[in-house]
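1. Sequence plus predicted model, see below.
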Amino acid sequence: MHFDKNDTSGKPQFDVAVKMLWITLTMTLVNVAFQPALIQGLFTNLLFVSMFVGFFALNALLVYYISKQEKVALYCFIGLFVLGTPSYVKYILILRHEITTTMLINVVVVVLQLVAILMLLGPPGSHQFDKRAEA
């Protein structure tokens, strides 16, 4: 299938999806800020700090490369989403009886990431990756 390099029909959808992914990363930092007990616990254990910073940096790097239309980064991000979503859902189910800011942010993050992934996989957003491959 041939795509015109100047065709921007999928670009707005692609840009919105990438912005949604950046917003979810920001919301993750906000979520940690709303949990002072978690912050105190994280910073007492160097392993947890390293893991949090590492996973956050990896996600930020993947979103950056997705914004540069790298299909491999999208597939890696989807893999991390599939692996990480069960723990988010478990955490949400634990907190279902008390509506907290943390729970709401977790729900919004999962939903925004899912919508962004679907926007990037479906047409016309996916055509941005095809154009990059042809360039």
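-> Happy to help now that I have it. Numbering: from 1, shown residues only.
2. Near the nearest residue to Ile105 once chain neighbours are set aside, how many other residues are there?
-> The shortest distance from Ile105 to any non-neighbouring residue, by Cβ to Cβ, 6 or more residues apart in numbering, is to Asn31 (4.4 Å). C-beta here means a position set from N, CA and C on the backbone, and glycine is covered the same way. Residues lying near Asn31 (other Cβ atoms under 10 Å) number 19.
3. Please apply the same query to Leu120.
-> Close neighbours of Leu120, defined as other Cβ under 10 Å, add up to 25.
4. So for it, what's the pLDDT?
-> Listed pLDDT for Leu120 reads 92.
5. again with Thr101
-> On the pLDDT scale, Thr101 gets 78.
6. Settle this for me: it is touching Phe34, isn't it.
-> Yes: counting by Cβ atoms under 8 Å, Thr101 touches Phe34, with 5.0 Å between them.
7. what is in contact with those two at once?
-> Between them, Thr101 and Phe34 share no contacting residue under Cβ atoms under 8 Å, 6 or more residues apart in numbering.
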